[in-house]
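Asks: Just the structure for this:
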Amino acid sequence: MISLPSGTFMMGDNAESAKKTGRPAIPAHAVDVPAFQMGKTEVTVFQYKKFLSSIGREGEKKLNDTGFLKHNSVSDDAPVRYIDGQEIDDFIEWLNRVDGPGYRLPTESEWEYACRAGNSTDMYCGGNDIDPIGWHRENSGQKIHPVAKKRPNAFGLYDMSGNAEEWTADCWHQTYEGAPTDGSAREKGPNDRAQGRGLNRCKFIVVRGGSVEQWRNRATATYRDSRFPRAWHPETGFRLARTN
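Replies: Got it, this is the predicted structure:
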C-alpha cells in the first residue's frame, strides 16, 4: 500500500468528446480528498488464492471453478478477475481480520485522484502516451499481463490505465450532478433500493481504468463505465484502498 497525501483536484472532463461517450465524466468539479492509502498494484491471483485457501470448502469450490480457472491461468502475478461483488466484499472482510482494519475499495474520486497523481493534464494515469504505462487492446495481444511490468505514475501506482479495469465503491450515476465533493462514495444509484450490502447495494457499480480487451480511449484518467456486481466479469479486477 502507498500512502497518498490529502489534496484537492478537478475531477471529470467538460470536453465535448467526453459528453458524447454515453458515459460522460461531467460536470468537472473540485473534490477534496483526505489522505488515504492505495494499493501499488491490483490484487493479484496469488493474493486472492491465499484468501480462498483459508476459507475451506467454498474457497476450494472457487479454485476449481471453470470460469475462474480460465480467466486466471496466465500468471499468479496477474490481476485476479472473474469475481463478483460479494466475493470482493468477502475478501476485504477477511483481509481486515487477518491484517488489521481499514481495507476497502477506493471511491471513484479517490481512484481518479490516485490516477492523476497531482497532474491535471495527462490523458492517462501517468502520461499522454499510454504504451509505456499500460496494457490495452492494441499492445497486449488482448491477454492479461502480470502487474507492475509497465511504468508507474507519479504516486508509484502501477497499471492504473489498462490491464484489468477496476471496481470502485460507487454506485453508478450517469453524470456527476450531485456527486460528493469530499472524496466519499455515492452510496446509492438513481434506481437502487439499498437491499444488499457492500457492492450488492447498487444495481450497477462504477469501474475505471480500461482493460486489455478495450481500446486506449477507455484507459484515460476520466473514462468511466459500469458493471453489474452480481455477475462475474472477465475484464474486471480490483485494487485496494485503506483508510489511514
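Asks: Count the neighbours of the spatially closest residue to Arg239 that is not a sequence neighbour for me.
Replies: Closest residue in space to Arg239, ignoring its immediate chain neighbours: Gly39 at 4.4 Å, by Cβ to Cβ, 6 or more residues apart in numbering. In short, each C-beta sits where N, CA and C put it, glycine included. By other Cβ atoms under 10 Å, 22 other residues sit near Gly39.
Asks: how far away is Gly39 from Lys49?
Replies: According to Cβ to Cβ, to the nearest Å, Gly39 stands 17 Å off from Lys49.
Asks: Contacts only, for the residue nearest to Arg239.
Replies: Counting by Cβ atoms under 8 Å, 6 or more residues apart in numbering, Gly39 makes contact with Met1, Ile2, Leu157, Arg239, Leu240, Ala241.
Asks: and these, which are buried?
Replies: Leu157, Arg239, Leu240, Ala241 (16 or more other Cβ atoms under 10 Å).
Asks: how close does the second one get to Asp89?
Replies: What it means is Arg239. From Arg239 over to Asp89 the distance is 15 Å, taken as Cβ to Cβ.
Asks: Could I get the phi/psi values of the residue in the chain sticking out farthest from the centre?
Replies: Distance to the chain centre peaks in the chain at Arg57, reaching 28.1 Å (criterion: Cα atoms, centre = their mean). Dihedral pair for Arg57: phi -60, psi -40, per degrees, to the nearest 10.
Asks: any idea where the helices of the protein begin and end?
Replies: 16-19, 45-54, 57-63, 66-71, 85-99, 108-116 (DSSP state H).
Asks: which of those sits most buried?
Replies: helix 108-116 (a mean of 26; mean count of other Cβ atoms under 10 Å).
Asks: Summarise which helices and strands that helix is packed against.
Replies: On a contact count with 3 or more Cβ pairs under 8 Å, 6 or more residues apart in numbering; DSSP states H and E, helix 108-116 meets strand 7-11, strand 29-33, strand 36-38, strand 165-171, strand 205-208.
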